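[1] Have a look at this prediction, sequence included:
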Amino acid sequence: MTTPNDALAWMYRTMATSRRFEERIRDIYLEGKTPRFNMADGPIPGEMHLSNGQEPCAVGVCAHLGPEDFVTATHRPHHVAIAKGVDLNSMAAEIFGKATGLSGGRGGHMHLFDPAVNFCCSGIIAQGMGPAVGAALAFRMRREPHVAVAYVGEAAVNQGAWHEAMNLAAVWKLPFICIVEDNGWGISVPKSGSTAVPDNAVRAAAYGMPGVRVADNDPITVFDAAGDAVRRARSGQGPTLIEVETFRLEGHFMGDAEAYRPSGEKEAQASRDPLPRLKEHILREQILSAEELAEIDEGARSLVEDAIGFARASELPAPESALTSVYVERVAA
């Protein structure tokens, strides 16, 4: 399949924006946390999971989706949120815990919700499977031509909720796609130490659906595989499982010493960084000029800086708002 030039340009722009966003969040997250690292210090307290390197998984799929399609992501969600069109200002403010955030600063970076583009994520492993299959069922019942996509990590396929959701999606032939982001590590446990099969795409056979393995962290190959899956889902042919070989250029979380990594692994991955590889492809095929790519890079930088500035300038939630938008059970005296 030949990837359209406009799709390639969009994927590069989105990957550049995502990478710039993660780099700025990384730097700001470390403010106030050195020389003694304390997760509670600085303008962004708590854990932080960055998606540098995993951008192809997001852009290759979301290039085929619109705001009406439904996507759930993992605890490492920023690249998918950006590719799905989540408002960057509100997303940055949520990560900073500000009142102008997507959820008023209550959710933080692992719990981003944007109903305007039908996106959500969760810090619970495989938690997004059920909501995504539920959305697919709703589309089917309403006879709407939309699809639902759930992103999970390669170790999440060992969760019972994953298998239950996959089975229902297959039994009901729902417009559902599961994207497995195989970065090789479940925190510090290698895939070989947690999963009985080297290729999770083979698990699709247990549910009577197609299973596709996309190698080499390539956004163009992801685009092709996702295009087939989306067309299949929209035409009523049922779900698809796609596993993407990817990698994270940062640790599992910010502050991760990564002592579990084999010597040379990170350097080898950095040499295969998908962002410069896509840029080289675009230049080689004369899809865009170096000047046009530089303009895209500058636009991504500007967009991210505006979002960071918005988040820093926003107010923290008022203390009296702590009990709003939450369920409180009142017990009679």
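    Cool, got the structure.

[2] all contacts plus neighbour counts: C-alpha atoms, from now on.
    Will do.

[3] My reading is that residue 326 is in a helix; is that accurate?
    No - secondary structure assignment (DSSP: H, G, I helix; E, B strand; the rest coil) places residue 326 in coil, not in a helix.

[4] Relative to residue 248, how far out is it?
    34 Å (C-alpha to C-alpha, to the nearest Å).

[5] Kindly report the same for residue 233.
    Residue 233 is 29 Å from residue 248, by C-alpha to C-alpha.

[6] where along this structure do the helices fall?
    5-29, 55-62, 78-84, 88-95, 129-141, 160-171, 219-234, 265-270, 274-284, 290-313 (DSSP state H).

[7] neighbour-wise, which of residue 326 and residue 248 wins?
    Neighbour totals were compared for residue 326 and residue 248, and residue 248 leads with 21 against 8 (other C-alpha atoms under 10 Å).

[8] what's the nearest residue to the more buried one if we skip its chain neighbours?
    residue 53 (5.0 Å; C-alpha to C-alpha, 6 or more residues apart in numbering).

[9] what's the answer for residue 31, then?
    Residue 31 sits nearest to residue 42 (C-alpha to C-alpha, 6+ apart), 5.3 Å away.

[10] May I have the phi/psi pair for that neighbour?
    The phi/psi pair for residue 42 (degrees, to the nearest 10) reads phi 90, psi 180.

[11] correct me, but it touches residue 32?
    Yes - Residue 42 lies in contact with residue 32 (C-alpha atoms under 8 Å); the separation is 4.4 Å.

[12] ok, now which ones touch the residue most central in space within the chain?
    In the chain, the centroid-proximal residue (C-alpha atoms, centre = their mean) is residue 80; its distance is 3.1 Å. By C-alpha atoms under 8 Å, 6 or more residues apart in numbering, the contact list for residue 80 reads 55, 57, 58, 59, 62, 73.

[13] could the residues you listed be laid out in JSON lines, adding distance to residue 26, neighbour count and pLDDT?
    As requested, the contacts of residue 80 are exported to JSON lines (distance: C-alpha to C-alpha, whole Å; neighbours: other C-alpha atoms under 10 Å; pLDDT from 0 to 100):
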{"residue": "55", "distance to residue 26": "16", "neighbour count": "31", "pLDDT": "98"}
{"residue": "57", "distance to residue 26": "20", "neighbour count": "30", "pLDDT": "98"}
{"residue": "58", "distance to residue 26": "19", "neighbour count": "28", "pLDDT": "98"}
{"residue": "59", "distance to residue 26": "21", "neighbour count": "29", "pLDDT": "98"}
{"residue": "62", "distance to residue 26": "24", "neighbour count": "24", "pLDDT": "98"}
{"residue": "73", "distance to residue 26": "20", "neighbour count": "30", "pLDDT": "98"}
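
[14] Dump these into CSV; add distance to residue 261 as well.
    Shown next, in CSV, are the contacts of residue 80 (distance: C-alpha to C-alpha, whole Å):
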residue, distance to residue 261
55, 21
57, 22
58, 24
59, 27
62, 30
73, 25
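
[15] List just the nearest of these to residue 183.
    residue 57 (10.6 Å; C-alpha to C-alpha).

[16] residues in contact with the closest one?
    Per C-alpha under 8 Å, 6+ apart, neighbours of residue 57: 80, 179, 181, 217, 219, 222, 244, 246.

[17] Kindly recompute the last result at 10 Å.
    Contact analysis of residue 57 by C-alpha atoms under 10 Å, 6 or more residues apart in numbering lists 79-80, 83, 151, 179-182, 214, 217-219, 221-223, 226, 242-246.

[18] what do you get for residue 31?
    37, 41, 42, 43, 44, 45.

[19] what do you get for residue 89?
    Residue 89 sits next to 100, 101, 102, 303, 304, 305, 306, 307, 308, 309, 310, 311 when contact means C-alpha under 10 Å, 6+ apart.

[20] Just the pLDDT for the closest residue to residue 5 other than its chain neighbours.
    Leaving aside its chain neighbours, residue 5 sits nearest to residue 287 (6.3 Å; criterion: C-alpha to C-alpha, 6+ apart). With respect to pLDDT, residue 287 scores 96.

[21] remind me which residues of the chain are low pLDDT?
    Along the chain, segments meeting pLDDT under 70 span 1, 328-330, 332-333.

[22] If anything else comes up later, I'll come back, but that's it for now.
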